[in-house]
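A.B. asks: with the input below, show me the fold.
(3 chains)
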Amino acid sequence: MEKVFALVDCNSFYASCEKVFNPTLEDKAVVVLSNNDGCIIARSKEAKDAGVKMGEPAFKIKDILEKKNVQVFSANFALYGDMSQRVMNVLSKFTPDLEIYSIDEAFLDIPGMKENELVLYAQKIRNTVLQWTGIPVTIGIARTKTLAKIANHIAKKSEKLKGVLSIIDEQSIEKALQITPVEDVWGVGQKYCAFLRSHGITNALELSKANDSWIKKHLRIVGLRTVEELRGKPCIAFDITVADKQAICTSRSFGQPLTDYADLEEAVSTFASRCAEKLRHQKSCASVMTVFVMTNLFAKDPKYVNGKTVQLAVATNNSSEIISHAVTLLKLLFKKGYKYKKVGVILAEFIPESEVQQSIWDNMNREKQSELMGVIDKITSTMGRDVVKFAIQGTKKRWKLRQEKLSPCYTTKWEDILTIDIDKE
DNA sequence: TCTGGGGTCCTAGGACCC
DNA sequence: TCTGGGGTCCTAGGACCC
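C.D. replies: Now for the predicted structure:
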């Protein structure tokens, strides 16, 4: 029997997370902003109805937000990450074959059933997730991932489908493809959309009927896979294993532009330390590091973008070593007189911790250092980040984000835990 | 005043080798 | 007018995703 995929996607995930712990937000328009309270990255249904667009810079639509009484939140990734885990936990009760695709989406490989049973099963999943976590989800069911995405998309928009749509038979697939604009197809971004439309392909059905060699020529192999998937032939594998990352990056735009080297050094060493932490988490060591700096590219001030890469003699995941390399690179990059807006640290070319090649020139006691990192990681996981840190990371934090509307970390910080007043009526 | 952050995969073209 | 051919590896850049 052919496989059937269910794509479970949380509705307006970040906005829904904010609503779970704050009942006064029910039925209210809620939006969540990107880091530095920059642009809109999530909108509740009410906010969408109010005409708030995805990706819009908040300052540009300040008037609409105020006029329509939209509740605005700074991104609280600690909360969203934890809520995501809870949702995935519930899903894993239904099947071991769960591919966590992103913070708010998972593909489920569901066992062979008749179509009406599939829909009932999906309804049950949906109700359970809502009851156990407070997060509403939508489920799309089909024989390929790309089609499941399309089913999900349609189900999101239609009230009467009650959050579940299955497209298994030819007829329902064709109908679904017909009403799906080509830009809503998974794998078709801005560039490809413009190209396809300029050649008269406006919906998913037309795309599914396009000529193979023409697609391959212009949309490459990836585009051809998308087309095959639309035709019902699975080309994107189902993979429940969590792959180790091939690159780890920590970067931020600052809440205010910075001109002093010392402030950048605090930021770069903090990001480097965070990268090292992520690297140890997956038990890898990095052989290559890049640091980049940039000024605000939107402002009229002089622009400067630059990056430098270093090959490490011995692959490492040691924080102090990674920080010291990062600072060396920053010193090479820093030029006086610019207003820096963003810096970042990227680690790459990983090898497993256990397979690191030693160097005869290496005079570091790696065993002792590794024990130290273990202790630091333990303290971080039980007592919170930055309880212990390296002196160079500093305390001024002038680089910190602007987060003026941050909600409490209801589920990950003891002091933010929800309290309920039972004396009141 | 204010425009996110963190990833993946694929391809073309250059360097280099025999 | 001709200027080898075929292979691998690496890198930068472009497309996409959430």
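A.B. asks: pick out the residue of chain A closest to DNA strand C.
C.D. replies: When scored by Cβ to the nearest atom of the strand, chain A has residue A:189 as its residue closest to DNA strand C, at 2.4 Å. Quick note: C-beta positions are derived from backbone N, CA and C, even for glycine.
A.B. asks: next up, the contacts around residue A:398.
C.D. replies: Listed by Cβ atoms under 8 Å, 6 or more residues apart in numbering, the contact partners of residue A:398 are A:254, A:256, A:258, A:263, A:266.
A.B. asks: TSV for these, including secondary structure?
C.D. replies: Conversion of the contacts of residue A:398 to TSV gives the following (DSSP: H, G, I helix; E, B strand; the rest coil):
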residue	secondary structure
A:254	strand
A:256	strand
A:258	strand
A:263	helix
A:266	helix
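A.B. asks: out of the residues you listed, give me the two with the largest separation.
C.D. replies: Checked with Cβ to Cβ, the contacts of residue A:398 reach their widest spread between A:256 and A:266, with 13.6 Å between them.
A.B. asks: ok, these two, which is more surrounded?
C.D. replies: residue A:266 (21 against 12; other Cβ atoms under 10 Å).
A.B. asks: report pLDDT for that one.
C.D. replies: Reported pLDDT at residue A:266 in the predicted model: 95.
A.B. asks: where along the stretch 51-200 of chain A do the helices fall?
C.D. replies: Counting by DSSP state H, counting those that start in this stretch, the segments of the stretch 51-200 of chain A that form helices are A:62-67, A:77-92, A:115-133, A:145-157, A:170-178, A:190-198.
A.B. asks: and the shortest one, what's buried?
C.D. replies: For helix A:62-67, a neighbour-count test (16 or more other Cβ atoms under 10 Å) marks A:64, A:65 as buried.
A.B. asks: helix or strand: which one has residue A:311?
C.D. replies: Under the criterion DSSP states H and E, the helix or strand holding residue A:311 is strand A:305-316.
A.B. asks: hey, C-alpha coordinates of the next helix or strand after that strand in CSV?
C.D. replies: Stepping forward along the backbone from strand A:305-316, the first helix or strand reached (DSSP H and E) is helix A:319-333. Output of helix A:319-333 as CSV, limited to C-alpha atoms (Å, rounded to 0.1, in the frame of the first residue of the first chain):
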residue,chain,number,x,y,z
SER,A,319,34.0,28.0,24.4
SER,A,320,37.1,29.8,25.4
GLU,A,321,39.0,28.7,22.3
ILE,A,322,36.1,29.6,20.0
ILE,A,323,35.7,33.0,21.7
SER,A,324,39.3,33.8,21.3
HIS,A,325,39.4,32.9,17.6
ALA,A,326,36.2,35.0,17.1
VAL,A,327,37.8,38.0,18.8
THR,A,328,40.9,37.7,16.7
LEU,A,329,38.7,37.8,13.6
LEU,A,330,36.7,40.8,14.9
LYS,A,331,39.9,42.7,15.5
LEU,A,332,40.8,42.2,11.8
LEU,A,333,37.3,43.3,10.7
